[in-house]
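**Q** Build me a structure from this.
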Amino acid sequence: MKDPRIQQLAQNLVNYSIEVQPGENILVEMIGSERDLVKCIVDEIGKRGGRPFVQLTDRTVLRSLLMNGSKEQMETWKEFDLLRMERMQGYIGIRAGENVNELSDVPSDKQKLFDSIYSHPVHMEERVKRTKWVVLRYPNASMAQLANTSTEAFEDFYFNVCNLDYSKMDRAMDALKALMEKTDKVRLVSPGTDLTFSIKNIAAVKCSGQRNIPDGEVYTAPVRDSVNGTITYNTPTLYSGTTFENVSFRFENGKIVEAKSNDTKRLNEILDADEGARHIGEFAIGVNPYILHPMKDILFDEKIAGSIHFTPGQAYEEADNGNRSSIHWDLVLIQRPEYGGGEMYFDDVLVRKDGLFVLPELEQLNPENLK
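**A** Next up is the predicted model:
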């Protein structure tokens, strides 16, 4: 008998996250070996009169494709996947790879080709901008290891996170969205961080289950040339199979002029992918009450309660500062006391301290009020 929580998740994805309508083409892409959720999603799409399409991918095969890839091959690969994406009205992407480091030894030039020739046009330009979409991870033993828990305990955590009442979260985000859209200057202060930037006249966007599962952030973007100071991220991060720790950036007039980490050479190779990679495309505030600690999975880590992420690379069209890049790398700073604490100021007014909102109109976003 299937876990009823899987059925509930499938219903949430189809009915709430992308609201499938009769006659719509919906691509369901699974990277990994999980099948029960895919079958449930296909059934739910059918119940609403949609037309499901399925792509099953294995990350070890993807590694071989990248290792042997050429510019010509990736151009052809892009052409037929882009044509398919253009025919879709919706997309549900599920990631359940057994080894998060599977792509760690793909040469940087191959990864750069893939990002620029394939991923950017197919996903950032077509899927993100022109379809209804939602992306999620699916629990397995590998994810449980990253979270330092048993597989069963991680599954319980996962379904609490993914099946919470996102409509309640959506309503609670209204006040933060409104405040961000009235704000000019933002200042972030934490150990190793003293950063200022403007978000004036850039939209703020609520993320409450319609794009990512799990979800729980409100994002905007800094005015492109306004960022000055230093930020030190206190969560490990994976990029193309490589783990980076203690990432620190120094900004001058919007540009990362100094970047350091446990692998400074590789970090700077990524930031040198193109001109926009050394500018910031997103500033977001994380509020998911069930996600408290990093597990090197950005779909979870960027939603951590009491966190922000500050993202080198491509800006989203909905909150656009004009920055363009083949990179979009969410890096997370947690400001709760057990991670060193910190303050967030909007126009010199304290908005959040040690991960908790202090303004009365924002208190509904504190963890005890969202569970």
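**Q** all helices for the stretch 1-150 of the chain, in order.
**A** In the stretch 1-150 of the chain, helices defined by DSSP state H, counting those that start in this stretch lie at 4-11, 36-47, 59-67, 71-86, 108-113, 128-130, 141-146, listed in chain order.
**Q** Out of those, the one nearest Ile92 is which?
**A** Ranking the helices of the stretch 1-150 of the chain by their distance to Ile92 (criterion: Cβ to Cβ) puts helix 36-47 first, at 6.0 Å. For the C-beta atoms, the positions are set from N, CA and C on the backbone; glycine is no exception.
**Q** if we can go back for a sec, the helices of the stretch 1-150 of the chain: lowest mean pLDDT?
**A** Set side by side, the helices of the stretch 1-150 of the chain give their lowest mean pLDDT on helix 141-146, at a mean of 80.
**Q** tell me the strands in the stretch 101-250 of the chain, going along the chain?
**A** Secondary structure of the stretch 101-250 of the chain by DSSP state E, counting those that start in this stretch: the strands cover 132-137, 185-190, 193-198, 205-207, 212-213, 217-220, 228-232, 237-239, 242-244, 248-252.
**Q** Identify whichever of the ones you listed lies nearest to His293.
**A** Taking Cβ to Cβ as the measure, those were each checked against His293, and strand 237-239 came out nearest at 14.0 Å.
**Q** quick one on the thing from earlier: turn the helices of the stretch 1-150 of the chain into JSON lines, including mean neighbour count and distance to Arg278.
**A** Converted to JSON lines, the helices of the stretch 1-150 of the chain look like this (neighbours: other Cβ atoms under 10 Å; distance: least, Cβ to Cβ, whole Å):
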{"stretch": "helix 4-11", "mean neighbour count": "16", "distance to Arg278": "38"}
{"stretch": "helix 36-47", "mean neighbour count": "19", "distance to Arg278": "38"}
{"stretch": "helix 59-67", "mean neighbour count": "14", "distance to Arg278": "24"}
{"stretch": "helix 71-86", "mean neighbour count": "14", "distance to Arg278": "24"}
{"stretch": "helix 108-113", "mean neighbour count": "17", "distance to Arg278": "15"}
{"stretch": "helix 128-130", "mean neighbour count": "15", "distance to Arg278": "22"}
{"stretch": "helix 141-146", "mean neighbour count": "18", "distance to Arg278": "29"}
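**Q** Export those helices as CSV, with columns for distance to Phe283.
**A** Compiled in CSV, the helices of the stretch 1-150 of the chain are given as follows (distance: least, Cβ to Cβ, whole Å):
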stretch, distance to Phe283
helix 4-11, 29
helix 36-47, 32
helix 59-67, 30
helix 71-86, 28
helix 108-113, 25
helix 128-130, 18
helix 141-146, 26
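**Q** what's the closest of those to Ile270?
**A** Each of the helices of the stretch 1-150 of the chain was checked against Ile270 via Cβ to Cβ, and the shortest separation belongs to helix 108-113, namely 7.7 Å.
**Q** give me the number of residues near Glu252?
**A** Using other Cβ atoms under 10 Å, Glu252 has 12 other residues around it.
**Q** For the nearest residue to it once chain neighbours are set aside, list each beta-bridge partner.
**A** Using Cβ to Cβ, 6 or more residues apart in numbering and skipping the chain neighbours, the partner closest in space to Glu252 is Asn228 (6.4 Å). Partner residues in beta bridges with Asn228, using DSSP bridges, are Thr196.
**Q** go on, Lys255?
**A** Applying DSSP bridges to Lys255 yields these beta-bridge partners: Glu252.
**Q** wait, which of the strands of the stretch 101-250 of the chain is closest to Asn160?
**A** Asn160 sits nearest to strand 212-213 of all the strands of the stretch 101-250 of the chain, at 12.3 Å, using Cβ to Cβ.
**Q** Run the chain-centre distance for the closest one.
**A** Distance, stretch centre to chain centre, for strand 212-213: 8 Å (Cα atoms, centre = their mean, to the nearest Å).
**Q** elements contacting that strand?
**A** Other helices and strands packing on strand 212-213, by 3 or more Cβ pairs under 8 Å, 6 or more residues apart in numbering; DSSP states H and E, are strand 132-137.
**Q** Of all the strands of the stretch 101-250 of the chain, which one is nearest Leu350?
**A** With Cβ to Cβ as the yardstick, what comes closest out of those is strand 185-190 (9.7 Å).
**Q** Just the angle for the closest one relative to strand 228-232, thanks.
**A** Per axes from the mean of the first three to the mean of the last three Cα atoms, to 10 degrees, the angle that strand 185-190 makes with strand 228-232 is 40 degrees.
**Q** How about strand 185-190, which residues are buried there?
**A** Val186, Arg187, Leu188, Val189, Ser190 (16 or more other Cβ atoms under 10 Å).
**Q** now those residues as JSON lines including pLDDT and distance to Leu299?
**A** As requested, the buried residues of strand 185-190 are exported to JSON lines (pLDDT from 0 to 100; distance: Cβ to Cβ, whole Å):
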{"residue": "Val186", "pLDDT": "98", "distance to Leu299": "24"}
{"residue": "Arg187", "pLDDT": "98", "distance to Leu299": "28"}
{"residue": "Leu188", "pLDDT": "98", "distance to Leu299": "23"}
{"residue": "Val189", "pLDDT": "98", "distance to Leu299": "27"}
{"residue": "Ser190", "pLDDT": "98", "distance to Leu299": "23"}
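**Q** show me what contacts the residue nearest to Glu252?
**A** Residues near Asn228 by Cβ atoms under 8 Å, 6 or more residues apart in numbering: Leu195, Thr196, Phe197, Phe251, Glu252, Asn253, Gly254.
**Q** Could you report the pLDDT at the last one?
**A** Spelled out, it's Gly254. Reading off the per-residue confidence, Gly254 sits at a pLDDT of 98.
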